[in-house]
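J.: can't give you the sequence, but here's the structure:
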């Protein structure tokens, strides 16, 4: 059970520029569309509210997302960058009495339930930020998924461009996860490499 009223926001409105043809989030991965893997983990987390931000190219995911209990937010102009999807999700979340938001990317299918829960549970309730950390292959990484509480939520509405919430993660508390759990899928080569590893 989450320790605070939490909105989980799944960002599923990207343009999939590095995956020609079928949108990457609609491509099959282990028997379900890529974009529904993270959605299913969020549903298992059972946050107060779950919101998925979609766009016209990811419309085919809506039925599956709705079946998992997601409210559907809309980004009419994903070309303006990831920040527009974050803002759409936060505006939808603000219609509910939430104290924290957890932002997840739909192209990261392997983030586990335990990790999502830890991101929220370790938040400072007044002005906290947590983000996924990994120290693989000799380098450190802090990035999505990430959680925000208190005053930091409204700062998400002022973001701009395609770096998402990166500008707010400099002071985030890192919650470590194995690098393979934080893998994302961008190109056909990512799908091919995964299939070859199975």
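T.: Ah, there it is. Keep in mind that what you see is a predicted model, and the values were worked out from it rather than measured.

J.: quick one: the helices in this structure, in order.
T.: Applying DSSP state H to the chain gives helices spanning 34-45, 62-67, 82-93, 113-121, 152-155, 188-197.

J.: which elements pack onto the fourth one?
T.: Helix 113-121 makes packing contacts with helix 34-45, strand 100-105, strand 129-134, strand 141-149, strand 173-176 when contacts are defined by 3 or more C-beta pairs under 8 Å, 6 or more residues apart in numbering; DSSP states H and E. All C-beta spots, glycine's among them, are computed from the backbone N, C-alpha and C.

J.: out of those, the one nearest residue 68 is which?
T.: Nearest to residue 68, of all these, is helix 34-45, at 4.4 Å by C-beta to C-beta.

J.: pull the distance from that closest one to the chain's centre.
T.: Centroid displacement of helix 34-45 relative to its chain, using C-alpha atoms, centre = their mean, to the nearest Å, is 10 Å.

J.: now it and strand 100-105, what's the angle there?
T.: Computed by axes from the mean of the first three to the mean of the last three C-alpha atoms, to 10 degrees, the angle separating helix 34-45 from strand 100-105 equals 150 degrees.

J.: thinking again about what came up before, deepest-packed of the helices and strands packed on helix 113-121, please.
T.: Scoring those by mean neighbour count under mean count of other C-beta atoms under 10 Å gives strand 100-105 as the most buried, with a mean of 26.

J.: now for it, which elements pack on it?
T.: Counting by 3+ C-beta pairs under 8 Å, 6+ apart, strand 100-105 packs on strand 6-12, helix 34-45, helix 82-93, helix 113-121, strand 141-149.

J.: before we move on, the earlier item: mean pLDDT and distance to residue 22 added to the helices of the chain, as CSV?
T.: As requested, the helices of the chain are arranged in CSV below (pLDDT from 0 to 100; distance: least, C-beta to C-beta, whole Å):
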stretch, mean pLDDT, distance to residue 22
helix 34-45, 97, 10
helix 62-67, 96, 15
helix 82-93, 91, 20
helix 113-121, 95, 27
helix 152-155, 88, 34
helix 188-197, 88, 10
